[in-house]
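K.L.:
build me a model from this:
(6 chains)
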6 protein chains.
Amino acid sequence: MPYINIRITDENVSNEQKQALIRGATQLMADVLNKPPHVTFVVIDEVPTDNWGIGFDQVTEIRKAQSQQ
Amino acid sequence: MPYINIRITDENVSNEQKQALIRGATQLMADVLNKPPHVTFVVIDEVPTDNWGIGFDQVTEIRKAQSQQ
Amino acid sequence: MPYINIRITDENVSNEQKQALIRGATQLMADVLNKPPHVTFVVIDEVPTDNWGIGFDQVTEIRKAQSQQ
Amino acid sequence: MPYINIRITDENVSNEQKQALIRGATQLMADVLNKPPHVTFVVIDEVPTDNWGIGFDQVTEIRKAQSQQ
Amino acid sequence: MPYINIRITDENVSNEQKQALIRGATQLMADVLNKPPHVTFVVIDEVPTDNWGIGFDQVTEIRKAQSQQ
Amino acid sequence: MPYINIRITDENVSNEQKQALIRGATQLMADVLNKPPHVTFVVIDEVPTDNWGIGFDQVTEIRKAQSQQ
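P.N.:
Numbers count the residues shown, from 1 in each chain, chains lettered A, B, ... in the order given. So this is what the prediction gives:
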């Protein structure tokens, strides 16, 4: 009965990408741990870039700096 | 000091239902563990059905299939 | 497909109490939201009292103060 | 590699406050545990006041009662 | 900067399996979302079977019933 | 009513360090958001280094490589 919580920044994740994350994470549990997919939950949280920090900075600021390079 | 996190799909949960979840979960902590309600937190997360997967599928797809039966 | 995470301090929670928490939380999802129990997960985390703080203090210290009253 | 998840009610938190939370939490990890900031994640979740309960009540109701005092 | 939290029951997960989960989840983020592995965290929580419920029952009880079939 | 979850690797964190994390995180909520400490929870999770991955590798392996430098 695995529960996999994928937390990522909210940056235009497409529906196809969400499906690929769900399938891939569920398959990983089946392949590695032999967990049955019908009791494997995958929950994706899309976090605003203002709300995610790394190295003292908001991801919003990091993206701005990257786009100026 | 319990912290209860209820994660459900975002499918028209009414305010009355939210109140019932908060009251019920808080009462459960008081009944079973004798925890004082004033330090019991209940946090409800409503997750978009595109972001919740079970059995390789998004809940969005599961709901579509169910409505066609 | 609810996922309920109950986080409590690790203070001699009995197996009967764990069963009561699991049953009560699962029933709450069925009663309030009509969620099917076979896809309702309840996960209990028992956190050491040294690792839980409230009002600046570890619960370990709060318990000591309470036992001296 | 700390991961700090700050969950607060969604009540007009400004961007400056978010930056202060990220900086403060990252600095705390560096000061207390000597953790390098470039691998310290801070994730802020803003939860609607209808979805947060304490002492049986939604924070929405608590705020209404406070504003009438 | 993804954060992936894999919560599973504590049932003799080997170190090789943990490595496979970490590699697989990190690769999934790179393949699907183009996320750089050096800022991808994977955290595995092993939860005692007494503390995980599904369908009103502890996993401990479910395992006992399965082993008797 | 903030809830702050600090997830770190389980590497000899002392009780004094835990107290400093609890005090610092609680103070941060008071300073930045004017949140009252008596309803601020801080929960520290110490995760085994085998269970935490970054950049495809377990922290256990990263620490071994660092100690050989």
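
K.L.:
any residue of the longest helix seen in chain A up close to chain C?
P.N.:
For chain A, the longest helix by residue count, based on DSSP state H, is helix A:15-33. No - judged by C-beta under 8 Å from any C-beta of the partner chain, helix A:15-33 and chain C are separated, with a smallest distance of 12.3 Å. C-beta: built from backbone N, CA, C; applies to glycine.

K.L.:
buried residues, that helix. List them.
P.N.:
Across helix A:15-33, burial judged by 16 or more other C-beta atoms under 10 Å in any protein chain shown covers A:K18, A:Q19, A:L21, A:I22, A:R23, A:G24, A:A25, A:T26, A:L28, A:M29, A:V32, A:L33.

K.L.:
the inter-axis angle of that helix versus helix E:15-33?
P.N.:
Helix A:15-33 and helix E:15-33 are oriented at 170 degrees to each other (axes from the mean of the first three to the mean of the last three C-alpha atoms, to 10 degrees).

K.L.:
how about helix A:15-33, does it reach chain E?
P.N.:
Yes - Helix A:15-33 comes into contact with chain E (C-beta under 8 Å from any C-beta), by way of A:Q17, A:A20, A:L21, A:G24, A:A25, A:L28, A:M29, A:D31, A:V32, A:L33.

K.L.:
that helix and chain F, are they touching?
P.N.:
No - Helix A:15-33 does not reach chain F (C-beta under 8 Å from any C-beta); its nearest approach is 12.7 Å.

K.L.:
CA atoms only for that helix - export them in CSV, please.
P.N.:
The C-alpha trace of helix A:15-33 is given here as CSV (Å, rounded to 0.1, in the frame of the first residue of the first chain):
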residue,chain,number,x,y,z
ASN,A,15,-1.4,16.6,-18.0
GLU,A,16,0.7,14.2,-20.0
GLN,A,17,3.6,14.8,-17.6
LYS,A,18,1.3,14.1,-14.6
GLN,A,19,0.2,10.9,-16.1
ALA,A,20,3.8,9.9,-16.7
LEU,A,21,4.7,10.6,-13.1
ILE,A,22,1.8,8.6,-11.8
ARG,A,23,2.6,5.6,-14.1
GLY,A,24,6.3,5.8,-13.5
ALA,A,25,6.0,6.0,-9.7
THR,A,26,3.4,3.2,-9.6
GLN,A,27,5.6,1.0,-11.8
LEU,A,28,8.6,1.6,-9.6
MET,A,29,6.7,0.3,-6.6
ALA,A,30,5.7,-2.8,-8.6
ASP,A,31,9.1,-3.5,-10.0
VAL,A,32,11.2,-2.9,-6.8
LEU,A,33,8.8,-3.9,-4.0
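
K.L.:
what's that helix packed up against?
P.N.:
Judged by 3 or more C-beta pairs under 8 Å, 6 or more residues apart in numbering or on different chains; DSSP states H and E, the packing partners of helix A:15-33 are strand A:3-9, strand A:41-47, strand B:52-54, strand B:57-58, strand E:3-9, helix E:15-33.
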